[in-house]
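Enquirer: Please work out how this folds:
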Amino acid sequence: MIKEIAETIERDGPLPLARAMALAANHYYATREPFGTTGDFVTSPEISQIFGELVGLFFADLWARAGSPSPFLLVEAGPGRGTLMADMLRACRHALPAFAEAAQLHLIEQSPRLRAIQQRAFPSAIFHERLDTLPTDAPLLFVANEFLDALPLTQFERTDLGWALRAVTADGWDLSTPANIQLVPEEIRDAVPGSVYERNFAAETLVAGVARRIAAQGGAALIIDYGYSGPALGDTLQSIHHGQFADVLQTLGEADISAHVDFTAMARAARPHATVYGPIDQGVLLLALGIRARADRLRAAASIETRAEIEAAVARLTSPGSMGRLFQALAFTAPGWPQPSGFPTSTR
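Expert: Modelled structure (predicted):
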């Protein structure tokens with residue numbers, strides 16, 4: 001636990017988990033390199049270039065079928081080192097140059113350290129700390145990969161006295177604050193003591209905000225993250241340090257802290273404003289978008305060793321026993337926009 005969190009607890013008492021996660025994330029992303037084999041975790045774009053290429057072509061295809069509006073805002077939330085966006089743009093410049101030419105790149109990033117890395121990769125990008133500073137005068141194509149899972153989470157725990165808000169202390173969890181029972185779904189309110197229910201208000205707010213903008217400006221969004229269909233019980237909060245699980249409370253601010261995303265809640269947040277597709281398994285989406293055909297083309301010109309690496313990457317991204325089912329994909333579009341490739345009929 002970093003000094004700032006410990007001092008805040010000492011001064012103010014138990015700290016709601018969402019507040020502790022926000023403080024931890026600000027420190028972590030400002031002081032550490034979390035991505036890649038030398039960091040704490042590896043994201044899908046870093047496993048294979050094909051992931052970003054397919055995401056880019058997903059948007060380019062949708063843009064073309066929507067009438068090729070120009071200009072438009074190409075927005076990524078939490079770009080990390082820029083790997084996903086670089087692969088997206090490279091594929092689109094090759095397959096549909098008009099898409100890349102019409103795109104105005106906007107990146108949402110709060111970390112000054114990561115923003116400096118992104119600025120070197122994308123000198124023409126416009127940076128934002130929040131969604132609400134994006135322009136409103138052009139269609140919006142929005143992508144967020146492994147972003148929602150790191151947003152501040154609220155946890156409720158069922159005690160013998162009812163539901164309580166989980167807060168962080170220097171020694172563990174505090175359950176002294178009664179929860180607003182209206183925030184706990186009715187179907188799980190009678191859970192046994194010790195049960196944990198999670199809700200990510202920050203993620204719901206972001207998704208609703210993107211959906212409102214898309215409804216007003218035109219456009220579409222694609223969100224990919226590890227998650228589930230809720231409401232559900234369970235503590236999914238986890239800490240990963242150098243690729244290994246660690247104690248969450250002991251490593252606040254020093255390791256990657258995240259939680260699984262309730263995609264049912266995300267779809268619910270978007271649905272009043274946009275046409276929602278999914279969620280579906282990441283593997284299902286990537287297979288529908290042609291990951292195997294792209295992998296075959298890459299293997300054809302590769303060494304034996306590289307061919308094996310390509311095949312292993314595809315299996316990791318698509319296999320139900322790996323990231324293929326653990327990760328979920330959700331898309332939503334402005335009313336009147338075409339159905340995104342790879343997704344079944346909308347759930348609106």
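Enquirer: quick one: contacts for residue 119?
Expert: If you count contacts by C-beta atoms under 8 Å, 6 or more residues apart in numbering, residue 119 has them with 125, 127. The C-beta positions use only the backbone N, C-alpha and C, and glycine is treated the same way.
Enquirer: Next, it: secondary structure please.
Expert: helix (DSSP: H, G, I helix; E, B strand; the rest coil).
Enquirer: measure the residue lying closest to residue 345 once chain neighbours are set aside to residue 331 for me?
Expert: Among residues not flanking residue 345 along the chain, residue 339 sits closest, at 7.4 Å (C-beta to C-beta, 6 or more residues apart in numbering). Residue 339 sits 9 Å away from residue 331, going by C-beta to C-beta, to the nearest Å.
Enquirer: Find residues that contact each of those two.
Expert: Joint contacts of residue 339 and residue 331 (C-beta under 8 Å, 6+ apart) are residue 277.
Enquirer: next structured bit after the biggest strand by length in the chain?
Expert: What stands out as the longest strand in the chain, according to DSSP state E, is strand 219-228. Sequence-wise, the next helix or strand downstream of strand 219-228 (DSSP states H and E) is strand 238-241.
Enquirer: Parallel or antiparallel, which strands does that following strand pair with?
Expert: strand 244-246 (antiparallel), strand 256-258 (antiparallel) (DSSP bridges).
Enquirer: Lowest average pLDDT across these?
Expert: Lowest mean pLDDT of these: strand 244-246, a mean of 89.
Enquirer: could you say which helix or strand contains residue 58?
Expert: Using DSSP H and E, residue 58 maps to helix 49-65.
Enquirer: how deep is residue 229 tucked in, by neighbour count?
Expert: 12 (other C-beta atoms under 10 Å).
Enquirer: Could you do the one 5 residues further on as well?
Expert: Residue 234 is flanked by 13 other residues according to other C-beta under 10 Å.
Enquirer: wait, what's in contact with the closest residue to it other than its chain neighbours?
Expert: Leaving aside its chain neighbours, residue 234 sits nearest to residue 196 (6.3 Å; criterion: C-beta to C-beta, 6+ apart). The contact partners of residue 196, by C-beta under 8 Å, 6+ apart, come to 155-158, 166, 233-235.
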